[in-house]
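Engineer: Just the structure for this:
(chains A and B)
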There are 2 protein chains.
Amino acid sequence: MLKEITKRDFELFWPTFSAVVRACETYAYDPDLSVEQAYQLWCKMPLKTYVWVEDGQVLASYYIKANAMGPGSHVCNCGYMVAEQARGKGLARKLCEHSQLVARELGFKAMQFNCVVSSNQVAVQLWQKLGFDIVGTLPGAYRHPRLGYVDCYVMYKHLEVVS
Amino acid sequence: MLKEITKRDFELFWPTFSAVVRACETYAYDPDLSVEQAYQLWCKMPLKTYVWVEDGQVLASYYIKANAMGPGSHVCNCGYMVAEQARGKGLARKLCEHSQLVARELGFKAMQFNCVVSSNQVAVQLWQKLGFDIVGTLPGAYRHPRLGYVDCYVMYKHLEVVS
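Structural biologist: A predicted model of the protein is given here:
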């Protein structure tokens, strides 16, 4: 079930969040973020944050926020995280589809991902399937613990047409 | 003369800052930012902010900050503003060259501009002359008051080699 996040939900999600950030393979967040800093970043700075809850377990979460202000405020940005034990079941797709509905409700006209790590092929391919284009390549913009400096993609989707 | 900004400098620079943001042609900032919000954004959130002062007038300013955290923290981001009466004299070039020196001193390996409005050809061409590549195009990501939705460029330069 998808619902808006509470502080308690985030605390339950923290082991996943922390593991994802410490792996340093997908997010450009400080791996040493405290739970309180992470809560600010993931739940307070965005416009809305949702969680996927099943049997009392928080299995996934995403946020949505404006990607820029003023003349850039019609473009939103989202981030998604899925708990390791819940991967491969289509949750990221569900979250991304939901986020596009929410984005349209909030009046956004496009969605932009600023930094999709190119070595994260599962994500790149999923976003492409869901209609996102690679509109930019940032050379060596991500320091991967095993692969060294890898490229990041900027991915973008117009939301005008309901898909 | 280039020097690090003080609160008083920013107050002197505010008419320029405010005019640039209200024009809605170059920055994705809220045009209704207060002077205090603008000070936070331009001078407190970045790592460093500089001003160009001549005869007691603040003619230009730029900030430098990390563009992302953790595995993305080797890429910096800068923003530049020049007062209308001081344009066409090479100040933006001076500021950008200085910012690249400061970036290297701070240990950054690349500089990224996230949202260069494509209709701002003076800026696009200057950044290209200074070695920045257009590495991405964000379709319609900027709402221009006269031109409607215009594209933005993501521009990027490696800083390893001293130029």
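
Engineer: burial measure for the closest residue to chain B within chain A, as a count.
Structural biologist: Across chain A, the shortest distance to chain B (C-beta to the nearest C-beta) belongs to residue A:136, at 1.8 Å. Quick note: C-beta positions are derived from backbone N, CA and C, even for glycine. Neighbour count of residue A:136, defined by other C-beta atoms under 10 Å in any protein chain shown: 24.

Engineer: Helix, strand or coil: sort out it for me.
Structural biologist: strand (DSSP: H, G, I helix; E, B strand; the rest coil).

Engineer: Same check on residue A:81?
Structural biologist: strand.

Engineer: ok, now which ones touch the residue of chain A closest to chain B?
Structural biologist: A:153, A:154, B:135, B:136, B:137, B:138, B:154 (C-beta atoms under 8 Å, 6 or more residues apart in numbering or on different chains).

Engineer: if you skip the residues just before and after it, what's nearest to the fifth one?
Structural biologist: Using C-beta to C-beta, 6 or more residues apart in numbering or on different chains and skipping residues adjacent in sequence, the residue nearest residue B:137 is residue B:151, 5.3 Å away.

Engineer: Verify the stated contact: the one you found with residue B:142.
Structural biologist: Yes: counting by C-beta atoms under 8 Å, residue B:151 does reach residue B:142; the two are 7.4 Å apart.

Engineer: The two: who's more crowded?
Structural biologist: residue B:142 (28 against 16).

Engineer: so which helix or strand takes in the more buried one?
Structural biologist: In this assignment (DSSP states H and E), residue B:142 forms part of strand B:133-144.

Engineer: Equivalent analysis for residue A:18, please.
Structural biologist: Using DSSP H and E, residue A:18 falls in helix A:7-23.

Engineer: Only C-alpha atoms, please: export that helix in PDB.
Structural biologist: Output of helix A:7-23 as PDB, limited to C-alpha atoms (Å, rounded to 0.1, in the frame of the first residue of the first chain):
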ATOM      1  CA  LYS A   7       8.400  10.200  10.800                       C
ATOM      2  CA  ARG A   8       7.900   6.600  12.200                       C
ATOM      3  CA  ASP A   9       7.700   5.200   8.700                       C
ATOM      4  CA  PHE A  10      11.000   6.900   7.900                       C
ATOM      5  CA  GLU A  11      12.600   5.400  11.000                       C
ATOM      6  CA  LEU A  12      11.400   2.000   9.900                       C
ATOM      7  CA  PHE A  13      12.800   2.700   6.400                       C
ATOM      8  CA  TRP A  14      16.100   4.000   7.800                       C
ATOM      9  CA  PRO A  15      18.000   0.600   7.500                       C
ATOM     10  CA  THR A  16      17.300   0.600   3.800                       C
ATOM     11  CA  PHE A  17      18.000   4.300   3.300                       C
ATOM     12  CA  SER A  18      21.300   4.000   5.200                       C
ATOM     13  CA  ALA A  19      22.400   0.800   3.300                       C
ATOM     14  CA  VAL A  20      21.600   2.400  -0.100                       C
ATOM     15  CA  VAL A  21      23.500   5.600   0.700                       C
ATOM     16  CA  ARG A  22      26.500   3.800   2.300                       C
ATOM     17  CA  ALA A  23      26.800   1.500  -0.800                       C
END
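
Engineer: Strand A:133-144 and that helix, what's the angle between them?
Structural biologist: Orientation of helix A:7-23 against strand A:133-144 (axes from the mean of the first three to the mean of the last three C-alpha atoms, to 10 degrees) gives an angle of 70 degrees.

Engineer: near chain B, which residues of chain A?
Structural biologist: A:21, A:24, A:27-31, A:68-75, A:109-110, A:112, A:114-115, A:135-145, A:152, A:154, A:156, A:158 (C-beta under 8 Å from any C-beta of the partner chain).

Engineer: which of those residues are buried?
Structural biologist: By neighbour count, with 16 or more other C-beta atoms under 10 Å in any protein chain shown, these hold A:21, A:24, A:27-30, A:68-75, A:109-110, A:112, A:114-115, A:135-136, A:138-144, A:152, A:154, A:156 as buried.

Engineer: where exactly do the helices run in chain A?
Structural biologist: Using DSSP state H, the helices of chain A run over residues A:7-23, A:35-39, A:91-105, A:121-129.

Engineer: Same list, those, but as CSV with mean pLDDT please.
Structural biologist: Formatted as CSV, those follow (pLDDT from 0 to 100):
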stretch, mean pLDDT
helix A:7-23, 97
helix A:35-39, 97
helix A:91-105, 97
helix A:121-129, 97
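
Engineer: Present those as JSON lines; the columns should include distance to residue B:131.
Structural biologist: Formatted as JSON lines, the helices of chain A follow (distance: least, C-beta to C-beta, whole Å):
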{"stretch": "helix A:7-23", "distance to residue B:131": "33"}
{"stretch": "helix A:35-39", "distance to residue B:131": "35"}
{"stretch": "helix A:91-105", "distance to residue B:131": "36"}
{"stretch": "helix A:121-129", "distance to residue B:131": "28"}
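
Engineer: of all those helices, which lies closest to residue A:63?
Structural biologist: helix A:91-105 (8.7 Å; C-beta to C-beta).

Engineer: Go ahead and produce CSV holding the CA coordinates of the strand holding residue B:142.
Structural biologist: Taking Å, rounded to 0.1, in the frame of the first residue of the first chain, the C-alpha atoms of strand B:133-144 are listed here in CSV:
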residue,chain,number,x,y,z
ASP,B,133,30.8,21.6,-23.3
ILE,B,134,27.0,21.3,-23.6
VAL,B,135,26.5,17.8,-22.2
GLY,B,136,22.8,17.9,-22.0
THR,B,137,19.7,19.7,-23.3
LEU,B,138,16.6,19.9,-21.0
PRO,B,139,13.6,20.4,-23.4
GLY,B,140,11.4,23.3,-22.4
ALA,B,141,12.8,23.4,-18.9
TYR,B,142,12.7,27.2,-18.6
ARG,B,143,9.6,29.4,-18.9
HIS,B,144,10.8,32.6,-20.6
